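[1] Here's my sequence, what's the structure:
(3 chains)
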Amino acid sequence: MDGNKDRMIDSGNFHGGDDDGDLRRGPWTVEEDIALINYIANHGDGRWNLLARCAGLKRTGKSCRLRWLNYLRPDVRRGNITLEEQLLILDLHSRWGNRWSKIAQHLPGRTDNEIKNYWRTRVQKHAKQLKCDVNSKQFKDTMRYLWIPRLVERIQAAAGTTAVDGNGSYGSVAPPLMNGSDFVSTSQVTPSYASENSSSGGGSSDGTQGSSVSELTDCYNNFGCFSVGYGQDTAPPPPPPPPMQSSAVGFFNEGELDFQAMEQSSCEWLAEDGGVDTSENFWSTAGPGADYFWLLQQQLN
DNA sequence: AATGTGCCCAACCGCTGACCA
DNA sequence: CTGGTCAGCGGTTGGGCACAT
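    Below is the predicted model:
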């Protein structure tokens, strides 16, 4: 994993010829990155097409913008998605669906692209393993009753504030959640985003304001569910979850969740990425891409 | 060692909305 | 109102890597 950190170094042209108007495509070279960083340092960003021309880059403005926002921006955070971030992503996605940029606003340093990739590669993969659609009720229930409680537990364990009953089984925790008064099931989220405060710089004045991890975990412990910001820009709270539907697939047998099987899968998932490190910071230590950025810094100095 | 397979993620593409003349 | 330009967003692609066979 993390293997392609520096694959774009000096990798030359991508997609071969396709030179519509002398424009380059594909991976960025160190020289291009330096040119872009230097130009933005001196002139700021924005007006990307103009920027691309003035910086002497044979790239579209779009490409420059994407490169800057997703990779070169100094505050971009790299490395593994932490448990806290996973929790936030699950929660925010349950409210907003695939509104990656909106979700990314609540994860400082993370890009919409990164979150989108995380969702597709990890979450959707597990939906596939469960043999259910990522938008299906079954999958949402799995997230809601298993993965999220498990994440909360692990976060708290990492913080040394264990507040979960001893046996660690969520088979016993899940039923109280069944009142489900607050937690949003995606199917309930009507995409009525019009009422949100859309001041693009803000990001903290909508329903999720302050949707920090600690608030999420606190809320979860107090009420057995999330309720942060719910209902401010969405439909009324969903009704209590009905019993599992029959015609179950994957972990849904005879109309009931197979919690054992689900929990096993949950453990595998959380162990495989969440259990590694919870605070890896790409910029501060050797991590994915560190060698590339080291090289970049050397070039800039 | 060679080959096959799956995963990850940077970058691209197409679409949409905002803005302006 | 219309047409053009630009920025931003979400979906998709494909190269490279790690691991399995």
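[2] roughly how far apart are residue A:159 and residue A:153?
    According to Cβ to Cβ, to the nearest Å, residue A:159 and residue A:153 sit 11 Å apart. (Each C-beta comes from the backbone N, C-alpha and C, glycine too.)
[3] And those two? Which one has more around it.
    A count of neighbours by other Cβ atoms under 10 Å puts residue A:153 above the other of residue A:159 and residue A:153, at 21 against 14.
[4] any idea whether the more buried one is helix, strand or coil?
    Classification of residue A:153 using DSSP: H, G, I helix; E, B strand; the rest coil returns helix.
[5] For burial, what's the neighbour tally of residue A:74?
    That count, for residue A:74 with other Cβ under 10 Å as the rule, works out to 8.
[6] tell me the SS of it?
    Assignment for residue A:74 (three-state DSSP): coil.
[7] phi, psi of it?
    The phi and psi values for residue A:74, taken as degrees, to the nearest 10, are phi -60, psi -30.
[8] what sits against it?
    Residue A:74 sits next to no residue when contact means Cβ atoms under 8 Å, 6 or more residues apart in numbering.
[9] Can you give me the pLDDT of it?
    Looking at residue A:74, its pLDDT stands at 82.
[10] Equivalent analysis for residue A:94, please.
    So residue A:94 comes in at 79 (pLDDT).
[11] the bottom helix or strand of chain A by mean pLDDT?
    When the helices and strands of chain A are compared on mean pLDDT, DSSP states H and E, helix A:174-177 comes out lowest with a mean of 32.
[12] domain assignment for chain A?
    A:20-77+A:282-300, A:83-274 (automatic domain parsing).
[13] What count of nearby residues applies to residue A:67?
    Residue A:67 has 20 neighbours, counted by other Cβ under 10 Å.
[14] Check the one 3 residues further on too.
    Residue A:70 is surrounded by 13 other residues when neighbours are defined as other Cβ under 10 Å.
[15] which of the domains of chain A has the lowest average pLDDT?
    domain A:83-274 (a mean of 59).
[16] ok, for the residue in the stretch 101-250 of chain A that DNA strand C sits nearest to, nearest residue in space, not its chain neighbours?
    DNA strand C sits closest to residue A:101 of the stretch 101-250 of chain A, with a gap of 3.5 Å, by Cβ to the nearest atom of the strand. Among residues not flanking residue A:101 along the chain, residue A:112 sits closest, at 4.2 Å (Cβ to Cβ, 6 or more residues apart in numbering).
[17] That'll do, ta.
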